[in-house]
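In: how would this look folded up:
(2 chains)
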Amino acid sequence: MVEEKELVTALQTEADKESAFRELVSQYKERLYWQIRNMVLDHDDADDVLQNTFIKIFRNINSFKGESKLHTWMYRIAANESITFLNKKAKRNNISIDNVKDNAVRKLESDVYFEGDQIQLQFQKAIATLPERQRLIFTMKYFEDHTFEKLSEILETSVGGLKSSYHIAVKKITEFIKTQDETL
Amino acid sequence: MNKNKNISGFKTPENYFEDFDALLFSKIDEVNLPKSAGFKIPENYFGNLDKKVFKSVKNSEKPTKVISLFPKKYFGYAASIAACLIIGFAVFNSTRENENLDALQMAAIENYIEEGNLNLDFYDVTTFINDEDIANLDLGKQRFSEASLKNYLLENMDENTLIDE
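Out: Below is the predicted model:
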């Protein structure tokens, strides 16, 4: 695996840019995909957002000044692209962002690329009730196991703020699941 | 406090004990949640992804081909007529019309942006701004009325933003 610093230098050198970008895609495609998928839920949407994320990385790599780590910068672009995608989808269909999330969760029941059981479906419904940023924090911490320190670099938020946000998200999710179980 | 008590010299991170209960209970709650999201991907999706990404990157670099609606030979006539009309319009209509035109253009631009048609984001914008431009930004001199600031915060803030900040 090529060291990140070398990769950045190669990406910013016209002659090496393409081969370095191939290396970058192969190193990060899966990690970025899952981060995006957990936000947009649908595979095809995740595929679109992932490609836009890589296009943005490719186009803006020369303005990357190394103030943060390359992968931190890429995760941040993926996070912003996911939220922008959801907002655009809401605007395009003239519905609220909550409706977009509800529709996406409802579609999971018949989605061939979702193999979760009823509990996992309930879990996704609960996650969809969170506001975007809180959902991002929760999914990045819970499913991708980023440390709060890493998340703090990616999302440019204090560790304390992230911990509180995460804790509130867990509380909301468990309460949602409890309420749903009681009504069944 | 017991004066004879030995002091270890250890310290805890700021707010450690204040946050401890909340973090502990969130860990306990987490134990009962499913460990995976339940998503799957099409067969060999990641194997074919590199090619797909490259194709998208290459396509995004290609300038879009514009097909002309009118043949070029008519452009000369059209341009002359348009120029005459604009000059005539400018001569007979003074500044008031210009102001209206400016206002109309600004409103149209605002609508265009609000409708999400402007495909620019933070990363695109930063490519047009250099360090000198940022240094020249004099944000301190901007003035917002207290009422509009209050309205903005009421409409746009939620408890999570407050916690995050």
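
In: before we move on, which element is whichever residue of chain A sits closest to chain B in?
Out: Residue of chain A nearest chain B, by Cβ to the nearest Cβ: A:G116 (2.2 Å). Heads up, the C-betas are built off the backbone N, CA and C, glycines and all. Counting by DSSP states H and E, no helix or strand carries A:G116.

In: burial of it, as a residue count?
Out: By other Cβ atoms under 10 Å in any protein chain shown, the residues close to A:G116 number 19.

In: again, but for the one 4 residues further on
Out: Using other Cβ under 10 Å, A:Q120 is surrounded by 19 other residues.

In: residues in contact with it?
Out: For A:Q120, the contact set (Cβ atoms under 8 Å, 6 or more residues apart in numbering or on different chains) comprises B:P34, B:S36, B:A37, B:G38.

In: now the residue of chain A closest to chain B: how far from A:A128?
Out: Going from A:G116 to A:A128 by Cβ to Cβ, to the nearest Å gives 13 Å.

In: for chain A, what's its nearest residue on chain B.
Out: Counting by Cβ to the nearest Cβ, chain B gets nearest chain A through B:G38, at 2.2 Å.

In: which ones are touching A:R31?
Out: With Cβ under 8 Å, 6+ apart, A:R31 has these contacts: A:Y75, A:E144.

In: element containing it, please.
Out: Here A:R31 is assigned to helix A:17-40, by DSSP H and E.

In: which of the residues in that helix are buried?
Out: Within helix A:17-40, the residues that count as buried by 16 or more other Cβ atoms under 10 Å in any protein chain shown are A:20-21, A:23-25, A:27-29, A:32-40.

In: now do it, average pLDDT.
Out: What helix A:17-40 shows for mean pLDDT is 93.

In: could you dump that helix to PDB, C-alpha only?
Out: Written as PDB, here are the backbone C-alpha positions of helix A:17-40 (Å, rounded to 0.1, in the frame of the first residue of the first chain):
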ATOM      1  CA  LYS A  17      -1.900  11.700 -11.400                       C
ATOM      2  CA  GLU A  18      -3.800   8.900 -13.200                       C
ATOM      3  CA  SER A  19      -2.000   6.000 -11.700                       C
ATOM      4  CA  ALA A  20      -2.100   7.500  -8.200                       C
ATOM      5  CA  PHE A  21      -5.800   8.100  -8.600                       C
ATOM      6  CA  ARG A  22      -6.300   4.400  -9.500                       C
ATOM      7  CA  GLU A  23      -4.400   3.500  -6.300                       C
ATOM      8  CA  LEU A  24      -6.600   5.900  -4.300                       C
ATOM      9  CA  VAL A  25      -9.800   4.400  -5.700                       C
ATOM     10  CA  SER A  26      -8.700   0.900  -5.000                       C
ATOM     11  CA  GLN A  27      -7.700   1.800  -1.400                       C
ATOM     12  CA  TYR A  28     -10.800   3.800  -0.400                       C
ATOM     13  CA  LYS A  29     -13.700   2.700  -2.600                       C
ATOM     14  CA  GLU A  30     -15.200   0.200  -0.100                       C
ATOM     15  CA  ARG A  31     -14.800   2.400   3.000                       C
ATOM     16  CA  LEU A  32     -16.300   5.400   1.300                       C
ATOM     17  CA  TYR A  33     -19.100   3.300  -0.200                       C
ATOM     18  CA  TRP A  34     -20.300   2.000   3.200                       C
ATOM     19  CA  GLN A  35     -20.200   5.400   4.700                       C
ATOM     20  CA  ILE A  36     -22.400   6.700   1.900                       C
ATOM     21  CA  ARG A  37     -24.600   3.600   1.800                       C
ATOM     22  CA  ASN A  38     -25.400   4.000   5.500                       C
ATOM     23  CA  MET A  39     -26.700   7.500   4.700                       C
ATOM     24  CA  VAL A  40     -28.600   7.100   1.400                       C
END
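
In: next one: that helix to chain centre, how far?
Out: Computed by Cα atoms, centre = their mean, to the nearest Å, the chain-centroid distance of helix A:17-40 equals 12 Å.

In: now swap in stretch A:37-52 and tell me
Out: 9 Å.

In: what's in contact with it?
Out: A:29, A:32-33, A:36, A:78-79, A:81-83, A:85-86, A:89, A:104-105, A:107-108, A:111, A:113, A:124, A:135-136, A:139-140, A:143-144, B:37, B:39, B:41-42, B:45, B:49, B:52-53, B:56.

In: tell me the buried residues within those.
Out: A:29, A:32-33, A:36, A:78-79, A:81-83, A:85-86, A:89, A:104-105, A:108, A:111, A:113, A:124, A:135-136, A:139-140, A:143, B:37, B:39, B:41, B:45, B:49, B:52-53, B:56.

In: understood, closing this out.
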